[in-house]
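Enquirer: Sequence first, then the predicted structure:
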Protein chains: 2
Amino acid sequence: MSSIVLTVDGMKCGGCSGRLKRVLEESDGIHAAEAVLETRRVTVDFDERRVDPQAIRQRIEDSGFSVVG
Amino acid sequence: MSSIVLTVDGMKCGGCSGRLKRVLEESDGIHAAEAVLETRRVTVDFDERRVDPQAIRQRIEDSGFSVVG
């Protein structure tokens, strides 16, 4: 298991951050995700045999958020 | 050009509705979209030769929202 921490723009309320967490956790290869509105930090625990960081970034962008760091 | 009006659960703030609109308008075959937070109504103008209503519903669900009507 690996983890990455990303900075994500676009979360404006608890609905936004909760939805991003849920979308990530429903994605293949992702074990758990946390999305914190106030800090813009998104932490993702993933199985590196099944998904890579680039695919995780793409999943976030496809949901309408911007990965800025 | 065709239009559909859907009822979508999960929009909690203007960030949510704005993001859903943007995600839809970036999707292939969709000409324009409006997402109204207060009424939960999402109106989508689309090219029926390039996309069908089922694919539009799926795109909304993939973004973490629920199509309820």
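Expert: Nice, thanks for sending it over. Numbering: from 1, shown residues only, chains lettered A, B, ... in the order given.

Enquirer: so when I look at A:Val42, I'm seeing a strand, right?
Expert: Yes - with DSSP: H, G, I helix; E, B strand; the rest coil as the criterion, A:Val42 is assigned to a strand.

Enquirer: Any idea what it is bridged to?
Expert: With DSSP bridges as the criterion, the beta-bridge partners of A:Val42 are A:Leu6, A:Ala35.

Enquirer: Around chain B, pick out the residues from chain A.
Expert: Proximity of chain A to chain B (Cβ under 8 Å from any Cβ of the partner chain) is limited to residues A:10-16, A:19-20, A:22-23, A:62-65. No exception for glycine: its C-beta is placed from N, CA and C like everyone else's.

Enquirer: Greatest separation within those residues: which pair is it?
Expert: Across those, the two members that end up farthest from each other (Cβ to Cβ) are A:Gly14 and A:Asp62, 21.2 Å apart.

Enquirer: ChimeraX command for the buried members of the residues of chain A next to chain B?
Expert: To isolate the buried members of those in ChimeraX, using 16 or more other Cβ atoms under 10 Å in any protein chain shown:
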select /A:10,11,12,15,16,19,20,23,62,63,64,65
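
Enquirer: Might you report the residue contacts of A:Val23?
Expert: Counting by Cβ atoms under 8 Å, 6 or more residues apart in numbering or on different chains, A:Val23 makes contact with A:59, A:63, B:62-64.

Enquirer: what's the spacing between the lengthiest helix in chain A and its chain's center?
Expert: Looking across chain A with DSSP state H, the single longest helix is helix A:14-25. Centroid separation between helix A:14-25 and its chain, computed with Cα atoms, centre = their mean, to the nearest Å, is 8 Å.

Enquirer: Could you give the average pLDDT over it?
Expert: Helix A:14-25 carries an average pLDDT of 96.

Enquirer: ok, now stretch A:62-69?
Expert: Averaging pLDDT along stretch A:62-69 gives 94.
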